[in-house]
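1. whatever this is, show me its structure:
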Amino acid sequence: MITKEQVEHIAHLARLTLSPKEKEHLPKELSQIVDYFAQISELNLEDIQPTSHAVDVENVFRENEDEVVQTEIIEKVIEAAPEKDNHFFIVPKVL
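-> Now for the predicted structure:
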């Protein structure tokens, strides 16, 4: 059973301010959560494969891999910039 003092200590570490009402009911609620995890730890899970997701997840890829295509659009955009330095835009400083 989690005590009221333990709840106050945890709240202090988490920088939480608890009302007196919360300090009264949280020990019971937190104890129930800890008891639930104790029940789960008693289960025999040796034949269960670990999973990272509850449902099957598949990556969505295009049929063909993306192909690199040479384009002149970057050069056109840089040329249209009011101020530029090589392949970079020069913009005013924002503080």
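2. in the longest helix along the chain, what counts as buried?
-> Ranked by residue count under DSSP state H, the longest helix found in the chain is helix 20-41. Buried residues in helix 20-41, defined by neighbour count with 16 or more other C-beta atoms under 10 Å: 26-27, 30. Yep, even glycine has a C-beta here, placed from its N, CA and C like the rest.
3. next: stretch 68-77.
-> Under the neighbour-count rule, stretch 68-77 has none buried (16+ other C-beta under 10 Å).
4. now do the same end-to-end measure for that stretch.
-> 19 Å (C-alpha to C-alpha, to the nearest Å).
5. in this protein, where is pLDDT below threshold?
-> Low-confidence segments of the chain (pLDDT under 70): 64-65.
6. let's see that with 90 instead.
-> Where the chain drops to pLDDT under 90, the residues are 1, 41, 45-89, 92-95.
7. quick one: the strands in it, in order.
-> Secondary structure of the chain (DSSP state E): strands at 84-85, 88-89.
8. grab the nearest non-local neighbour of Met1.
-> With C-beta to C-beta, 6 or more residues apart in numbering as the measure, Ser31 is the residue that lies nearest to Met1, at 5.0 Å, once sequence neighbours are left out.
9. quick check, that neighbour in contact with Lys4.
-> No - taking contacts as C-beta atoms under 8 Å, Ser31 lies outside contact range of Lys4: 11.3 Å.
10. count the neighbours of Val7 for me.
-> Taking other C-beta atoms under 10 Å as the criterion, the count of residues near Val7 is 22.
11. hang on, it packs against Glu24?
-> No - here Val7 does not reach Glu24: they are 9.3 Å apart, not a contact under C-beta under 8 Å.
12. Glu8 contacts Thr17, correct?
-> No - under the contact definition of C-beta under 8 Å, Glu8 does not touch Thr17, with a separation of 10.7 Å.
13. okay, those two: which has more neighbours?
-> Counted by other C-beta under 10 Å, Glu8 and Thr17 do not tie: Glu8 has more neighbours, with 15 against 7.
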